[in-house]
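Student: Predicted model follows, preceded by the sequence.
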Amino acid sequence: MKLHKAFVGILMGLTLGMTAIVAPLPGDQNVAHAAWTQAKADKVITTGKRYLGTPYKFGASKNTTAVFDCSSFTQRVFRVAVGKELPRDSRAQSKKGISVSKSNLKKGDLIFFKASQTTTSKRITHVAIYAGNNKLLHTYGQPGVTFSSFKGTSWEKRFVSARRVL
C-alpha cells in the first residue's frame, strides 16, 4: 500500500511539473487573445453592415431593427455578433470595457462623442463603432446606419473617449 501511495505521489508530481512546462506564459496568452479579439471585431463590423441604410430614430426601441438610434444600434450589433450585452444608452455604454486612447483605436472599439465641436461640455451624446481604416460605423439623422470618416472630420473634433468592450 505504501508503494502504491508513493507511486501515485510521483505521478502527480510529474503531472504538475509538466503542466508548468507546457502551460502558456502570460505573454503567449495575450497573443492568442489578440487573434480572438480580431475575429470578434470582424464579426461586429460584418453584423453592423447588415443594417446599412436602416433609418435613424431618436429613442428607438431596443426591440426593433426597423429603426435605430446610436446606442440601440451598438447594443444590437454587439449582442447579435458576439453575445455582448451593452447598456441601452451611450453614457452608460461609455463606462463599460477598458479605456482606449484615440491613437490606439482598434476595429470594434466604441467611440463616444459630445454634442458639437465647439461645446466645452464633455457630456456624451453619441456612440459609434470604430470599423478600422479611419471609418466609423454608426447611425444618425440622414442617411441612418452608415460609415463615416473619423480623423480630420467634425467627428474627431467631437471625440470624448473610446472603450474596448471585446
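Tutor: Good, I have the coordinates. As the structure is a prediction and not an experimental result, all values here were calculated from the model.

Student: Give the buried residues for stretch 138-158.
Tutor: For stretch 138-158, a neighbour-count test (16 or more other Cβ atoms under 10 Å) marks His138, Thr139, Tyr140, Gly144, Val145, Thr146, Phe147, Ser148, Phe150, Trp155, Glu156, Arg158 as buried. Heads up, the C-betas are built off the backbone N, CA and C, glycines and all.

Student: now could you export just the CA positions of the strand or helix carrying the fifth one as CSV?
Tutor: For Val145, the host element (DSSP states H and E) is strand 144-149. In CSV, the C-alpha atoms belonging to strand 144-149 read as follows (Å, rounded to 0.1, in the frame of the first residue of the first chain):
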residue,chain,number,x,y,z
GLY,A,144,-29.3,56.3,-40.9
VAL,A,145,-26.8,53.5,-40.4
THR,A,146,-23.7,54.4,-42.4
PHE,A,147,-19.9,54.6,-42.5
SER,A,148,-18.3,58.0,-41.9
SER,A,149,-14.6,59.1,-41.9
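
Student: Identify the single longest strand in the chain, thanks.
Tutor: Ordering each strand of the chain by length in residues (DSSP state E) puts strand 124-132 first.

Student: What is that one packed up against?
Tutor: helix 26-49, helix 70-82, helix 90-93, strand 110-114, strand 135-140, strand 159-164 (3 or more Cβ pairs under 8 Å, 6 or more residues apart in numbering; DSSP states H and E).

Student: Output the contacting helices and strands for the third one.
Tutor: Right, helix 90-93. Packing partners of helix 90-93 (3+ Cβ pairs under 8 Å, 6+ apart): helix 70-82, strand 110-114, strand 124-132.

Student: Quick one: those as CSV, columns for mean pLDDT too.
Tutor: Output for the helices and strands packed on helix 90-93, formatted as CSV (pLDDT from 0 to 100):
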stretch, mean pLDDT
helix 70-82, 98
strand 110-114, 98
strand 124-132, 98
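
Student: Low-confidence bits of the protein, can you list those?
Tutor: Applying pLDDT under 70 to the chain flags residues 1-36.
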